[in-house]
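**Student:** show me the folded form of this:
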Amino acid sequence: MKTLQPDQPTDTGKALAKNALRRDMSARRAALTPEAVAAAGLLAAKRVLALPAYVQAREILAYMAVRNELDAGLIASQALADGKRLLLPRCRDGAPGLVDLGCVRCLSEAAPGSYGIPEPPREACLPPEAFSPDLILVPGLAFDRRGNRLGFGGGYYDRLLALPMAQNAFTVGLGYDFQLIALLPAEPWDKPVNAVVTDRQTLLTTP
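**Tutor:** Numbering: from 1, shown residues only. From the prediction side, this is the model:
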């Protein structure tokens with residue numbers, strides 16, 4: 001007969017806590033008005049653009065927001081205007097949890113793809129290992145003050161940030177201020193972001 005391992009209740013408790021937090025944060029985000037979303041996106045963008053990591057970056061990996069995520073489009077547009085190379089992720093066909101990256105010259109090149117997320121054209125994409133972004137913008141449902149991140153559970157960014165191409169990048173978690181909490185249940189494989197930027201604050205989580 002299989003015996004219950006001591007860590008199983010803890011793992012189950014973590015999963016339940018994460019799922020409850022996902023539901024709460026998703027509901028709070030869905031309740032935001034378009035005006036609140038736009039205002040928060042503008043304030044957060046100003047904070048990211050002031051970071052030395054942005055100023056010094058030559059290649060930036062951003063994302064296109066959906067379902068009231070904090071908008072990274074303003075940052076992406078400014079990066080193009082500043083002559084930086086802009087990358088966007090595309091879910092890899094037939095490989096759940098994995099993404100490829102595409103270099104775009106304007107945001108209009110991205111079209112709705114997996115989960116309704118605007119993605120670069122398939123023919124413009126390569127495996128992440130083909131790139132060396134200096135700055136990576138990361139969406140999330142919640143972040144804590146140590147830089148731990150809670151996503152939707154698909155593991156896309158967990159796998160991406162674990163790749164060698166991301167090891168020297170400065171990673172910034174973007175979220176609304178209510179998405180920054182004191183402590184998240186973390187797993188050993190979680191890779192904290194270097195900073196969390198919200199509409200109200202910039203939190204550097206590592207030296």
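
**Student:** quick one: the nearest residue to Asp100 once chain neighbours are set aside from Gln179, how far?
**Tutor:** Distances taken as C-beta to C-beta, 6 or more residues apart in numbering put Cys125 closest to Asp100, at 4.0 Å, once the chain neighbours are dropped. Yep, even glycine has a C-beta here, placed from its N, CA and C like the rest. Separation of Cys125 from Gln179 (C-beta to C-beta, to the nearest Å): 29 Å.

**Student:** with Tyr54 instead?
**Tutor:** 20 Å.

**Student:** these two: who's more crowded?
**Tutor:** A count of neighbours by other C-beta atoms under 10 Å puts Gln179 above the other of Tyr54 and Gln179, at 25 against 22.

**Student:** skipping its backbone neighbours, what lies nearest that one in space?
**Tutor:** Distance criterion C-beta to C-beta, 6+ apart; nearest residue to Gln179, sequence neighbours excluded, is Ala142 at 5.1 Å.

**Student:** what about that neighbour, neighbour count?
**Tutor:** Residues near Ala142, counting by other C-beta under 10 Å, number 21.

**Student:** so who does it touch?
**Tutor:** Leu21, Met25, Arg149, Leu150, Gly175, Gln179, Leu180, Ile181, Leu184 (C-beta atoms under 8 Å, 6 or more residues apart in numbering).

**Student:** tell me the phi and psi of Val172?
**Tutor:** Dihedral angles of Val172 (phi, psi; degrees, to the nearest 10) stand at phi -120, psi 120.

**Student:** please apply the same query to Arg58.
**Tutor:** According to degrees, to the nearest 10, Arg58 has phi -100, psi -30.

**Student:** next up, the contacts around the nearest residue to Ala62 once chain neighbours are set aside.
**Tutor:** Distance criterion C-beta to C-beta, 6+ apart; nearest residue to Ala62, sequence neighbours excluded, is Ala76 at 4.2 Å. By C-beta under 8 Å, 6+ apart, the residues touching Ala76 are Ile60, Ala62, Met64, Leu86, Leu88, Leu107.

**Student:** low-confidence ranges, this protein, go.
**Tutor:** Across the chain, the ranges flagged by pLDDT under 70 are 1-10, 206-207.

**Student:** can you map out the helices along it?
**Tutor:** 8-30, 34-49, 52-56, 73-81, 156-161 (DSSP state H).

**Student:** buried set for the shortest one?
**Tutor:** Residues Ala53, Tyr54 are the ones in helix 52-56 that count as buried (16 or more other C-beta atoms under 10 Å).

**Student:** my read is that Arg29 contacts Gly140, right?
**Tutor:** No: the criterion here is C-beta atoms under 8 Å, and Arg29 misses it with Gly140 at 10.7 Å.

**Student:** neighbour-wise, which of these two wins?
**Tutor:** Gly140 (22 against 18).

**Student:** how far away is that one from Gly102?
**Tutor:** Relative to Gly102, and taking C-beta to C-beta, Gly140 is found at 22 Å.
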